[in-house]
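1. output the structure for:
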Amino acid sequence: MAFPSVGVGILSGALKLLSVGGALLSVAAYLIRLLGISFRRCRDSFRRSETSFRR
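-> Numbers count the residues shown, from 1 in each chain. A predicted model of the protein is given here:
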């Protein structure tokens with residue numbers, strides 16, 4: 001009777017790991033999106049300053 005409880009424990013541990021991994025993945029995706037948006041804004045402002053310097 002000890003084997004099924006071990007299997008349930010392994011399953012619950014795997015589910016916990018999956019949920020934690022999903023949360024970490026979502027946070028990482030959010031941070032990457034924020035970094036990409038800020039990088040794009042910096043690039044656009046740099047291009048604008050470049051064009052204004054050329055004039």
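2. how close does residue 36 get to residue 28?
-> For residue 36, the distance to residue 28 (Cβ to Cβ, to the nearest Å) stands at 12 Å. Backbone N, C-alpha and C define where each C-beta goes, glycine included.
3. so where's this protein uncertain?
-> Where the chain drops to pLDDT under 70, the residues are 1-3, 54-55.
4. 80 instead, please
-> 1-4, 50-55 (pLDDT under 80).
5. just give me the residue right at the centre of it.
-> Residue closest to the mean C-alpha point of the chain, counted by Cα atoms, centre = their mean, is residue 28 at 1.5 Å.
6. chain center to the helix or strand containing that residue, what's the gap?
-> According to DSSP states H and E, residue 28 maps onto helix 2-54. Centroid separation for helix 2-54 versus its chain: 0 Å, with Cα atoms, centre = their mean, to the nearest Å.
7. can you check stretch 45-55 too?
-> Worked out by Cα atoms, centre = their mean, stretch 45-55 lies 33 Å from the chain centre.
8. dump that stretch to PDB, restricted to CA.
-> Taking C-alpha atoms only, stretch 45-55 is exported to PDB below (Å, rounded to 0.1, in the frame of the first residue of the first chain):
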ATOM      1  CA  SER A  45      14.600  57.800 -30.400                       C
ATOM      2  CA  PHE A  46      18.300  57.200 -31.500                       C
ATOM      3  CA  ARG A  47      17.200  57.200 -35.100                       C
ATOM      4  CA  ARG A  48      15.300  60.500 -34.600                       C
ATOM      5  CA  SER A  49      18.300  62.100 -32.900                       C
ATOM      6  CA  GLU A  50      20.500  60.800 -35.800                       C
ATOM      7  CA  THR A  51      18.200  62.300 -38.400                       C
ATOM      8  CA  SER A  52      18.000  65.600 -36.500                       C
ATOM      9  CA  PHE A  53      21.800  65.800 -36.200                       C
ATOM     10  CA  ARG A  54      22.200  65.200 -40.000                       C
ATOM     11  CA  ARG A  55      20.000  68.300 -40.800                       C
END
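9. what residues sit buried inside it?
-> Residues of stretch 45-55 include none that count as buried (16 or more other Cβ atoms under 10 Å).
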